[in-house]
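**Q** sequence first, predicted coordinates after that:
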Amino acid sequence: MIDPDMTPNLLLVVVVVALVTTGVYLLLERSLTRVIIGLVLIGNGVNVLFLLSGGRAGGAPIVGTTPVEEMSDPLPQAMVLTAIVITLGMTAFLLAMAYRSWQLNRHDEVQDDLEDRRIARMAAADQPAFEDDTQDTRTDLEVEAAEARDETGDREDEQEVVRT
């Protein structure tokens with residue numbers, strides 16, 4: 001038999017699913033602003049999930065003021081408070097990164113890493129990594145940087161830098 005005190009509210013389960021789904025979608029975007037919003041949504045979804053896992057709402061978990069059978073579980077509440085602090089710290093860090101990116105580039109888009117592309121290309125061609133270590137590939141990387149797809153529209157400026 002199902003204990004009615006432990007069955008979760010279906011509306012809150014739908015809220016958790018919606019928050020986490022939207023958060024993951026935003027987390028996969030290239031804009032740091034959307035990544036921050038996605039992280040906050042995932043954090044809030046997990047916090048609601050923690051509270052759902054704590055069972056029914058009850059009295060304050062203070063011995064002497066509430067009978068033991070009517071007390072709510074204090075562990076999920078403590079975990080949610082800890083998760084709030086961790087989410088706040090991560091949000092502050094990502095906000096600092098987005099602000100610095102805006103100061104340097106006037107956008108907060110995360111660009112592709114050319115070195116990662118080069119290593120992936122070598123792995124696809126089944127070339128050993130030590131062969132590339134003996135070559136000076138600085139000019140190749142500069143050419144690849146000029147040819148890379150830049151979503152911010154500053155491609156002409158990068159090509160001029162490479163030519164000089």
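**A** Done, it's in.
**Q** for the chain, longest helix please?
**A** helix 74-105 (DSSP state H).
**Q** and that helix, what's its mean pLDDT?
**A** Mean pLDDT, computed over helix 74-105, is 91.
**Q** ok, Val68 - contacts?
**A** For Val68, no residue meets the contact criterion (Cβ atoms under 8 Å, 6 or more residues apart in numbering). Any C-beta I mention is one placed from the backbone N, CA and C, and that applies to glycine too.
**Q** try 10 Å this time
**A** 59, 61 (Cβ atoms under 10 Å, 6 or more residues apart in numbering).
**Q** mind pulling up the pLDDT for it?
**A** 82.
**Q** against Gly58, how distant is it?
**A** Here Val68 is placed at a distance of 10 Å from Gly58 (Cβ to Cβ, to the nearest Å).
**Q** look up phi and psi at the most far-flung residue of the chain relative to its centre.
**A** Centroid-distance maximum for the chain: Gly64 at 42.8 Å, with Cα atoms, centre = their mean. Dihedral angles of Gly64 (phi, psi; degrees, to the nearest 10) stand at phi 100, psi -20.
**Q** distance of it relative to Leu12?
**A** 31 Å.
**Q** can you confirm Asn44 is in a helix?
**A** Yes - counting by DSSP: H, G, I helix; E, B strand; the rest coil, Asn44 is located in a helix.
**Q** what about the residue lying closest to Tyr25 once chain neighbours are set aside, how many residues nearby?
**A** Nearest-residue entry for Tyr25: Gly38, 7.1 Å, with adjacent residues in sequence omitted and distances by Cβ to Cβ, 6 or more residues apart in numbering. As a burial measure, Gly38 scores 21 neighbours (other Cβ atoms under 10 Å).
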